[in-house]
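[1] Sequence below, structure please.
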Amino acid sequence: MFKVGDFVEFIYGKHGAQIKRRGLYAEKGYYGLDKVIHNDRTYWVNPDHIKPISMVRKTDVNEPLDN
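    You can find the predicted model right below:
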């Protein structure tokens, strides 16, 4: 589902104290947890709590402006 280096948003913590972060998907781990890196820290997160973030550049970014 994810590839190493994908930009993802993930949630970690217990119910009632969940924290949402963005980071890089690092690896598919053992025991049903995946590794995500955020601010030089490693988090082992349930894959159900990870979703990809797509960043697409608009095609008209480099077009000249009509001023």
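[2] rest of the way, CA atoms for contacts and neighbours
    Noted.
[3] low pLDDT regions in this structure?
    Along the chain, segments meeting pLDDT under 70 span 16, 57-67.
[4] gap between the residue nearest the centre of it and residue 19?
    The residue lying closest to the centre of the chain (Cα atoms, centre = their mean) is residue 8, at 1.0 Å. Going from residue 8 to residue 19 by Cα to Cα, to the nearest Å gives 14 Å.
[5] same deal with residue 49?
    Plainly put, residue 49 is 11 Å away from residue 19 if you go by Cα to Cα.
[6] shared neighbours, those two?
    Residues touching both residue 49 and residue 19 (Cα atoms under 8 Å, 6 or more residues apart in numbering): 11-12.
[7] quick one on the thing from earlier: just to check, the residue nearest to the centre of the chain is in contact with residue 53?
    Yes. Counting by Cα atoms under 8 Å, residue 8 does reach residue 53; the two are 5.2 Å apart.
[8] Stretch 4-20: which residues count as buried?
    By 16 or more other Cα atoms under 10 Å, the buried positions in stretch 4-20 come out as 7-12.
[9] Report how many residues lie close to residue 31.
    A count of nearby residues for residue 31, using other Cα atoms under 10 Å, gives 7.
[10] mind checking the longest strand of this structure?
    For the chain, the strand that runs over the most residues, judged by DSSP state E, is strand 19-28.
[11] got the residue ranges for the helices in this protein?
    Assigned helices in the chain: none (criterion: DSSP state H).
[12] which residues are contacting stretch 11-28?
    Contacts of stretch 11-28 (Cα under 8 Å, 6+ apart): 2-10, 34-39, 45, 49-50.
[13] which ones among those residues are found in strands?
    Reading strands off the contacts of stretch 11-28 with DSSP E, I get 7-10, 34-38, 45, 50.
[14] quick one: the nearest residue to residue 10 once chain neighbours are set aside from residue 1, how far?
    In space, residue 10 comes closest to residue 50 once its chain neighbours are excluded; the distance is 4.4 Å by Cα to Cα, 6 or more residues apart in numbering. For residue 50, the distance to residue 1 equals 10 Å [Cα to Cα].
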